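S.K.: Coordinates only, no sequence provided:
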């Protein structure tokens, strides 16, 4: 694995944070956070984390052996009784990631697709939580 | 007139019957069991431990001829989903998910394919 984890995290953050449409849906800046630093005072908010990384199967045929399959979880939190805003935010994230050949100066994405989506309404705090998981096959740029 | 005679059809039929009715179901059952055990072991390594109840509740559930399901028993580990995907505490703060089930899947998937390849290669025709 020649690129670092933080370089992939930077690509994910920039993709979410730099999108004007998503920023509008979230109601401003500062609404995209790494999963570990979110707190209750910030809704709506989108969090991201890389939960697993594996060497890609094609590395057996590659002298560089630098292709990585990364599993990324992006969660949307909206404190609204209606699910529509959370769904709109998650739909925008889907448009930004699914099938997109993302890249920056350090990371190049070969394929990116959503593998899982769960939608839960937490009655205690009245917050919609949508959890989308993406498989991102990537390497160093 | 050309006359073509084929011999051994009955033996071939017997071998194919044996393959379909005996060898393939046996291979499938063995591969599923082996994959299920390795998946459970990997999940146990990934499971976060607080009281240990979640870890102890994990088992192979709902076995069918064509599938195995591996995961925590919701009774007593009713909170398994909250550990996986995250949850709000009583005070309203958010505890991020551990995603240990999803991590297990990512890690074990190549191994499951390998198990089925190996079993298929060992199957007698």
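M.R.: Noted; the coordinates are in hand. These numbers come from a predicted model, not from an experiment.

S.K.: Residue A:128 pairs with what?
M.R.: residue A:78, residue A:121 (DSSP bridges).

S.K.: Count the residues that sit near it.
M.R.: Applying other Cβ atoms under 10 Å in any protein chain shown, we find 24 residues neighbouring residue A:128. Using the backbone N, CA and C atoms, a C-beta is placed for each residue, glycine as well.

S.K.: That one reaches residue A:84, doesn't it?
M.R.: No - the criterion here is Cβ atoms under 8 Å, and residue A:128 misses it with residue A:84 at 9.3 Å.

S.K.: how much space between residue B:121 and chain A?
M.R.: 18 Å (Cβ to the nearest Cβ, to the nearest Å).

S.K.: how far out from the middle of the chain is the host helix or strand of that residue?
M.R.: Taking DSSP states H and E as the criterion, residue B:121 maps to helix B:100-122. On the basis of Cα atoms, centre = their mean, to the nearest Å, helix B:100-122 sits 8 Å off its chain's mean C-alpha point.

S.K.: ok, and what's touching it?
M.R.: With contacts defined as Cβ atoms under 8 Å, 6 or more residues apart in numbering or on different chains, helix B:100-122 is touched by A:51-52, A:54, A:57, A:69, A:71, A:73, A:116, A:133, B:27-28, B:30-31, B:34-35, B:38-39, B:42-43, B:46-48, B:71, B:83-84.

S.K.: What are the buried residues along it?
M.R.: B:100-108, B:112, B:115, B:119 (16 or more other Cβ atoms under 10 Å in any protein chain shown).

S.K.: helix/strand/coil for the nearest residue to residue B:88 once chain neighbours are set aside?
M.R.: Nearest non-adjacent residue to residue B:88, counting by Cβ to Cβ, 6 or more residues apart in numbering or on different chains: residue A:125, 4.8 Å away. Put simply, residue A:125 is coil when judged by DSSP: H, G, I helix; E, B strand; the rest coil.
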